[in-house]
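>>> My questions concern the predicted model and sequence given below.
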Amino acid sequence: MPRPAAPALRAAPAPIALAPRGVLVLLAPLLLAPLVLAAAARAEPMGRVSPVDGIVVRGTAVTDGAALGRALAADDDLLLLARPLSNRKLYLSALARKATLALERLGFAAPKVSASIEADGAGGERIVVEAVEGRALVAGGIEIRGLPDDLAAGLRRWLQGQRPPEGALPVVVETDGGWGGERWTDADGARVHLEPPLWEPGKPAPCDAPYLATIRRAIGRFLRDHGHHASARLVDAPRPAGLLGGLAGIA
């Protein structure tokens, strides 16, 4: 007597095999699609809560929390992420990062910041930033290694003094009274203002990554202006970002 046929089983989608230079990669896009849809369904939008209504900053002992909240509420990058249909979790992550950078700019080496949305007690919601500033740093001296003494002294003055904007042109000015001096203009001849010092001893020491990148660019510009192009290229060399950037920082 013949056996009954086994029930048909639904075959799983066949993976796609790629083998670039001996490396096997298996892709199963049909299996991942439900996971992506489920994650999208869980993403909560901003809804009616908006930074325009104010951001509450708690926990700061030195920093003016109200001023920091106003600055974060007016930040253009954050406003783009705060539209009603925007991802709430993404906005809060960016807000915490911006608040961290702001505190680092004020000289706090390792602030702890979190952001959340809570009920305001009146049937609505509000945006809250919880911050612990931690240890504050004050700018001290500048130690320069690997340069001749005269060049190092010039670089120290360059970082601690006012500098003309990049691309500015010097113009000698003489008056009828015999005074002579120098001012800086742009390519069209319009007067430009000097940039403030990058490092002022006794003031809060900025330690956020964007400001440190500004210092690196200023050092590279100084070295190029003094003919040290190879050293300037080393200073200006692009740094890896993301995970590789973190590993490079540890190294």
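Yes, it's here.
>>> was I right about Asp186 contacting Pro170?
No. Here Asp186 does not reach Pro170: they are 11.8 Å apart, not a contact under CB atoms under 8 Å. Using the backbone N, CA and C atoms, a C-beta is placed for each residue, glycine as well.
>>> For my notes, confirm Val57 occurs in a strand.
Yes. Under DSSP: H, G, I helix; E, B strand; the rest coil, Val57 sits within a strand.
>>> ok, the residue nearest to it when sequence neighbours are not counted - contacts?
In space, and not counting its chain neighbours, Val57 is closest to Gly65: 3.7 Å by CB to CB, 6 or more residues apart in numbering. Gly65 is in contact with 57-59, 131, counting by CB atoms under 8 Å, 6 or more residues apart in numbering.
>>> where do the strands sit along the stretch 101-250 of the chain?
For the stretch 101-250 of the chain, strands defined by DSSP state E, counting those that start in this stretch occupy the ranges 112-119, 125-132, 169-174, 180-185.
>>> Throw those strands into TSV and include distance to Ala139, mean neighbour count and mean pLDDT, thanks.
Formatted as TSV, the strands of the stretch 101-250 of the chain follow (distance: least, CB to CB, whole Å; neighbours: other CB atoms under 10 Å; pLDDT from 0 to 100):
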stretch	distance to Ala139	mean neighbour count	mean pLDDT
strand 112-119	22	16	96
strand 125-132	22	20	97
strand 169-174	28	10	84
strand 180-185	26	12	82
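>>> list the contacts for Arg183?
Contacts of Arg183 (CB under 8 Å, 6+ apart): 170-171, 173, 191.
>>> quick check, nearest of these to Ala152?
Pro170 (23.7 Å; CB to CB).
>>> In this structure that closest one contacts Gly181, no?
No. Using CB under 8 Å as the test, Pro170 is too far from Gly181 to be in contact (10.3 Å).
>>> just to revisit the earlier point, identify, from the contacts of Arg183, the entry nearest to Gly227.
Nearest to Gly227 among these, with distances taken as CB to CB, is Pro170, at 17.8 Å.
>>> ok, now which ones touch Gly180?
172-174.
>>> For the stretch 151-251 of the chain, which residues score under the pLDDT cut-off?
177-179, 238-251 (pLDDT under 70).
>>> hmm, back to that, want to try JSON lines for the strands of the stretch 101-250 of the chain, with distance to Arg156 as columns?
Putting those into JSON lines (distance: least, CB to CB, whole Å) gives the following:
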{"stretch": "strand 112-119", "distance to Arg156": "33"}
{"stretch": "strand 125-132", "distance to Arg156": "34"}
{"stretch": "strand 169-174", "distance to Arg156": "21"}
{"stretch": "strand 180-185", "distance to Arg156": "21"}
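>>> Please name whichever of these is nearest to Pro148.
strand 169-174 (24.7 Å).
>>> Identify whichever of the strands of the stretch 101-250 of the chain lies nearest to Val49.
Comparing the strands of the stretch 101-250 of the chain by CB to CB, strand 125-132 comes nearest, at 4.4 Å.
>>> which strands and helices sit next to the closest one?
In terms of contacts (3 or more CB pairs under 8 Å, 6 or more residues apart in numbering; DSSP states H and E), strand 125-132 is packed against strand 55-58, helix 65-73, helix 88-105, strand 112-119.
>>> which outside residues touch it?
Against strand 125-132 from outside (CB under 8 Å, 6+ apart): 47-49, 51, 53-60, 63, 65, 68-69, 72, 92, 95-96, 99, 103, 111-120.
>>> rerun at 6 Å
Taking contacts as CB atoms under 6 Å, 6 or more residues apart in numbering, the residues outside strand 125-132 that touch it are 49, 51, 55-60, 99, 112-118, 120.
>>> got it, and stretch 222-229?
Counting by CB under 6 Å, 6+ apart, 155, 158, 231-232 sit against stretch 222-229.
>>> how about TSV for the residues you listed, with distance to Asp225 and neighbour count added?
Converted to TSV, the contacts of stretch 222-229 look like this (distance: CB to CB, whole Å; neighbours: other CB atoms under 10 Å):
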residue	distance to Asp225	neighbour count
Leu155	10	18
Trp158	9	20
Ser231	12	18
Ala232	9	19
